[in-house]
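Novice: take this sequence and fold it.
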Amino acid sequence: MQLGIGISTQYDEEILRNVENHLPAIRAAILVTLSDYGEDDVVGREARRALAEDLKTSINAELERLEGFGGVEGVHDPGGDRLRRQ
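Specialist: Numbers count the residues shown, from 1 in each chain. Sure thing, here's the model as predicted:
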């Protein structure tokens, strides 16, 4: 599978810098979360919303571990048209 996502926050630029600074750890957390999902598990709007919520939780948990604060309020386009089998 290939997945493209975006994140959003209403906090300041520090949250985005934290994401960029810890991208390898965040990618690892995302991969752990995705390992719980199969291709059929991300079909449909509600399934993608559930995945987005799980990804947000994973990303924030990693940021909280590393920086003491998460701050990611949304994960967008988890699956959508960009999810495809490799």
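Novice: any idea where the strands of the chain begin and end?
Specialist: Counting by DSSP state E, the chain has strands at residues 6-8, 74-76.
Novice: pull the contacting residues for residue 18.
Specialist: 63, 66, 67, 69, 71 (C-beta atoms under 8 Å, 6 or more residues apart in numbering). Backbone N, C-alpha and C define where each C-beta goes, glycine included.
Novice: so which of the residues you listed wins on neighbours?
Specialist: The most crowded member of the contacts of residue 18, judged by other C-beta atoms under 10 Å, is residue 63 (22 neighbours).
Novice: from what I can see that one touches residue 26, true?
Specialist: Yes: between residue 63 and residue 26 there is a contact under C-beta atoms under 8 Å: 7.4 Å.
Novice: got any residues that touch both of these two?
Specialist: residue 19.
Novice: centre-most residue in this protein?
Specialist: Centroid-nearest residue in the chain: residue 55, 3.6 Å away (criterion: C-alpha atoms, centre = their mean).
Novice: what's the single longest helix in the chain?
Specialist: Counting by DSSP state H, the longest helix found in the chain is helix 45-67.
Novice: no further questions, thank you.
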